[in-house]
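Asks: here is my input; please provide its structure:
(2 chains)
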Protein chains: 2
Amino acid sequence: MAPQLDGYFKQVDDLTDHFIERLRKAVAIPSISADEERRPDVVRMGQFLADELKTLGAEVEQRPLGPQPGKEHLELPPVVIARYGNDTKKRTILVYGHYDVQPAGKEDGWATEPFELTVDDKGRMYGRGSTDDKGPVLGWLNAIEAHQKAGVDFPVNLLMCFEGMEEYGSEGLDDFINAEAKKYFADADAVCISDNYWLGTEKPCLTYGLRGCSYYSVEISGPGQDLHSGVFGGTAQEPMTDLVRVLGTLVDTHGKIQIPGLAELVAPLTEEEKSLYGEIAFTMDNLYESLGSETSIHPDKEKTLMARWRYPSLSVHGIEGAFSQPGAKTVIPAKVIGKFSIRTVPNMEPDDVDKLVFKYLNDEFKKLGSKNSFKATLQHAGKWWVASPKHWNFSAAGKAVERVWGVKPDLTREGGSIPVTLTFEQATGKNVLLLPMGSSTDAAHSVNEKLDKRNYIEGIKLLGAYLHYVAEEEII
Amino acid sequence: MAPQLDGYFKQVDDLTDHFIERLRKAVAIPSISADEERRPDVVRMGQFLADELKTLGAEVEQRPLGPQPGKEHLELPPVVIARYGNDTKKRTILVYGHYDVQPAGKEDGWATEPFELTVDDKGRMYGRGSTDDKGPVLGWLNAIEAHQKAGVDFPVNLLMCFEGMEEYGSEGLDDFINAEAKKYFADADAVCISDNYWLGTEKPCLTYGLRGCSYYSVEISGPGQDLHSGVFGGTAQEPMTDLVRVLGTLVDTHGKIQIPGLAELVAPLTEEEKSLYGEIAFTMDNLYESLGSETSIHPDKEKTLMARWRYPSLSVHGIEGAFSQPGAKTVIPAKVIGKFSIRTVPNMEPDDVDKLVFKYLNDEFKKLGSKNSFKATLQHAGKWWVASPKHWNFSAAGKAVERVWGVKPDLTREGGSIPVTLTFEQATGKNVLLLPMGSSTDAAHSVNEKLDKRNYIEGIKLLGAYLHYVAEEEII
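Replies: Next comes the predicted model:
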């Protein structure tokens, strides 16, 4: 099966320096979507991708998304969509990635210039966007080029969708995907997204589930303006007093959510599912390393993985409107807004979660007997996603991993959300596969983001191999 | 008694425009002590005062205080000290004020330019520093000038101490006062500070007590760096969860402090003291107006005044290190620092308060069973102050109020602290009187700070009259 991969693989190896050079050019463009002043660089990065794709013979379009909501003077960067191949006898695979990056500056503590790809003697390629998500995006382009240069027929029609606002909430993308699902993306047979990470550093994985996220605000207000605690302390009911008391009732130190009824929404754990966690390549030391401490809730790997993947969690993120600077200020804040979110899992319907959360918050506030005003709101909700890992899209990817890496991949879920995953699934009605390139130590969103050269080069082989296997995979 | 006051009063009325002009010049100098970039303006304001005082014939010195602690590249603004009169047959009165101001910007919501004195048709003079504390400080200068122009002998030797860091913790001032108590300030017979406010808007008061303030930090930390709540929610013990639970145990909505032993430190209420509160010119409507709401703890005036003046209170001010911006961020903060303070009253010794607070915080944290690190610290403590309102310094001021305003002043305490008061009392061993000029609606520290023209002009008369009465007052 897929014997022509040997030639493709050799070609990828031969083009290693060229592919690293391509990544260097991409990293050099500081396409920070959150930074208004960098918007021209985001647009330039989209243009770079479009130019590279055209050179490779793809049909490319840059689709405008209009002004940025709330910042109407600013145009959203275009979605770069492309088609490579138009053979009705071949399967069509839709891939997604993003060409914008998180903010980065040397002053944040980077050891190297964040926008200069710097390869150390262990093959770690440091640079903002190296692993999130320029490396994986270029992986698809590199796969096309290596096929061309190796003279190997490209096994599928490839549809590409690369956005420039992922790190700023994918503004405008959902509408675009929904609008194009039956147009530009109409003949997609399956979807593949390479924008997440291995669970550890050695063993590849395929990801078939993500938790959702429901993000809430609790606003408590009373006085007409901030007050001086000397003058008003003891005479005014303080919104901050009420807020910490309410926030303190949500969850305990051991992660147990105190909201009645919430646990009952969670899909029961079957014996079969339970047995899966022991086999996953993950240790408590992996957790401690990534935590930077041993302040874990659970003492063992299985409970930890289940807590991350298949149980809800509640985090209190902070308080808006209170004193948050260093030093001392004797203010009684007039209006404070607590922020917390719940990571949701099957079968928690967001609406049901909202109802339980609002009822609980209202009950807890009422218990205080406060004259202050109370308002709880949902800021945003993204639903959890779970795909079937038995789908041919996954079995093809599993074979590709085995061929490239010599091991069967772990089947993993993730604790975080990648909302576009569910959007693609719902809009196209097709199976979505998450096929990560980088590893758990890549520090996406952090200082010293990197992609290992090995993960990049073998990852290019993997993406190409996946397309060969998915082209041949029997539909069960 | 003090018949020469009529000529002085008339002269003050005649110089009204001139005195407002002097205040306009002072307000125009944005002497914001908290803002590093405004430090030259603070220095300029000190120079302005020194120049005005010299012109009036006072001996003036500007005393350097050295570099600012923690910001050694920045020189503290000098203390302006001055002496007007050196007649050993006269009493010597030491007055204190400050020439720096709180930050202010049009963008904070000011209706007028904060550094342009703007007088409306009701005689409200808006401008940062108008009431806190440039108006009162200039009051002393204006009193000197009006005496000169009226040809009335100045009744006392006046020692002045005007600092430029009051709004930033009076950095360096305590040491200065202690060092000069037996030198520059050696012959002071009594101290007068005009840097607080009437309880309401119509009735003047003399203030003989202040609450103290003990300000605490509670630091809880665990992970090596901020975490993503999707990836780590449910697997890591979250410092923010622990912190809101601990902060939530400190005080209830009704102001009841939950720390065992604290209430027992408070001086018992005598029947005599209890009877005083009913006579004070203060209504619940006054409270509601200044609160901007009706979210009071107590339903009646007496309990409200006692809660403000003679009982402790606890306010939670905010949290450092958590997400405090608008919007949504799914962060698990690695280290959070809760800030709260206790307003202290007789007979709470700060050291005893600390012991009870630290024990309680440690006990409450232990109850959580958390692996996170916990550290509680005292940021600063200022002790409460209570003077005898029967001292001749107060009786003189009482007569001056009656002469200028036609009413006996209320004898009040304040909920806030003016730490320099206790410093002056302890360093000089003399009685300290707080003699306010502005009213409760002046909005010191807030937007649209103002001083009523009436309070300014009658206040200048009051300061002068006080000096006449205090010169003649029999020492009991």
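Asks: roughly how far does the residue positioned nearest the centre of chain A sit from residue A:177?
Replies: Closest to where the C-alpha atoms of chain A average out (C-alpha atoms, centre = their mean) is residue A:418, at 4.1 Å. Taking C-beta to C-beta, to the nearest Å as the measure, residue A:418 falls 13 Å from residue A:177. Bear in mind the C-beta positions are built from the backbone N, C-alpha and C, glycine included.
Asks: do the same with residue A:19
Replies: For residue A:19 relative to residue A:177 (C-beta to C-beta), the value is 29 Å.
Asks: residues contacting the residue nearest to the centre of chain A?
Replies: Under the criterion of C-beta atoms under 8 Å, 6 or more residues apart in numbering or on different chains, the contact partners of residue A:418 comprise A:193, A:195-196, A:210, A:434.
Asks: ranges for the helices of the stretch 101-250 of chain A?
Replies: Chain-ordered helices for the stretch 101-250 of chain A, with DSSP state H, counting those that start in this stretch as the definition, fall at A:135-150, A:173-180, A:229-232, A:239-247.
Asks: worst average pLDDT in those helices?
Replies: Among the helices of the stretch 101-250 of chain A, helix A:229-232 has the lowest mean pLDDT, at a mean of 93.
Asks: how about that helix: buried residues?
Replies: A:229-232 (16 or more other C-beta atoms under 10 Å in any protein chain shown).
Asks: what's the answer for stretch A:250-267, then?
Replies: For stretch A:250-267, by 16+ other C-beta under 10 Å, it's A:250-253, A:255, A:257, A:259, A:262, A:265.
Asks: tabulate those (CSV), appending distance to residue B:183, secondary structure and pLDDT.
Replies: As requested, the buried residues of stretch A:250-267 are exported to CSV (distance: C-beta to C-beta, whole Å; DSSP: H, G, I helix; E, B strand; the rest coil; pLDDT from 0 to 100):
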residue, distance to residue B:183, secondary structure, pLDDT
A:250, 59, coil, 98
A:251, 60, strand, 98
A:252, 60, coil, 98
A:253, 56, coil, 98
A:255, 63, coil, 98
A:257, 65, strand, 98
A:259, 66, coil, 98
A:262, 69, coil, 98
A:265, 75, helix, 98
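Asks: and chain B, which of the residues you listed reach it?
Replies: A:250-253, A:255 (C-beta under 8 Å from any C-beta of the partner chain).
Asks: how is chain A divided into domains?
Replies: Using the TED database, the domain ranges for chain A come out as A:5-210+A:384-472, A:212-267+A:310-382.
Asks: out of the ones you listed, nearest to residue B:217?
Replies: Proximity to residue B:217 (C-beta to C-beta) singles out domain A:212-267+A:310-382 among these, at 8.2 Å.
Asks: report the distance from that closest one to the chain centre.
Replies: Computed by C-alpha atoms, centre = their mean, to the nearest Å, the chain-centroid distance of domain A:212-267+A:310-382 equals 26 Å.
Asks: which residues does residue A:275 contact?
Replies: With C-beta under 8 Å, 6+ apart, residue A:275 has no contacts at all.
Asks: where does it land on pLDDT?
Replies: At residue A:275, pLDDT is 92.
Asks: roughly how far apart are it and residue A:389?
Replies: 15 Å.
Asks: same thing with residue A:128?
Replies: 32 Å.
Asks: what about residue A:95, which helix or strand?
Replies: In this assignment (DSSP states H and E), residue A:95 forms part of strand A:92-98.
Asks: would you pull up how far that strand lies from the middle of the chain?
Replies: The answer for strand A:92-98 is 15 Å, by C-alpha atoms, centre = their mean.
Asks: and if you look at stretch A:121-137?
Replies: On C-alpha atoms, centre = their mean, the centre of stretch A:121-137 falls 16 Å from that of its chain.
Asks: and what of stretch A:428-445?
Replies: Worked out by C-alpha atoms, centre = their mean, stretch A:428-445 lies 7 Å from the chain centre.
Asks: what's the span of that stretch, first residue to last?
Replies: One end of stretch A:428-445 to the other measures 29 Å (C-alpha to C-alpha, to the nearest Å).
Asks: so for it, what's the average pLDDT?
Replies: Stretch A:428-445 comes out at a mean pLDDT of 94.
Asks: ok, and does it reach over to chain B?
Replies: Yes - Stretch A:428-445 lies within reach of chain B by C-beta under 8 Å from any C-beta, at residue A:445.
Asks: in that stretch, which residues are buried?
Replies: Quick answer for stretch A:428-445 (16+ other C-beta under 10 Å): A:428, A:430-444.
Asks: picking up where we left off before, need the winner for burial among the helices of the stretch 101-250 of chain A.
Replies: helix A:239-247 (a mean of 28; mean count of other C-beta atoms under 10 Å in any protein chain shown).
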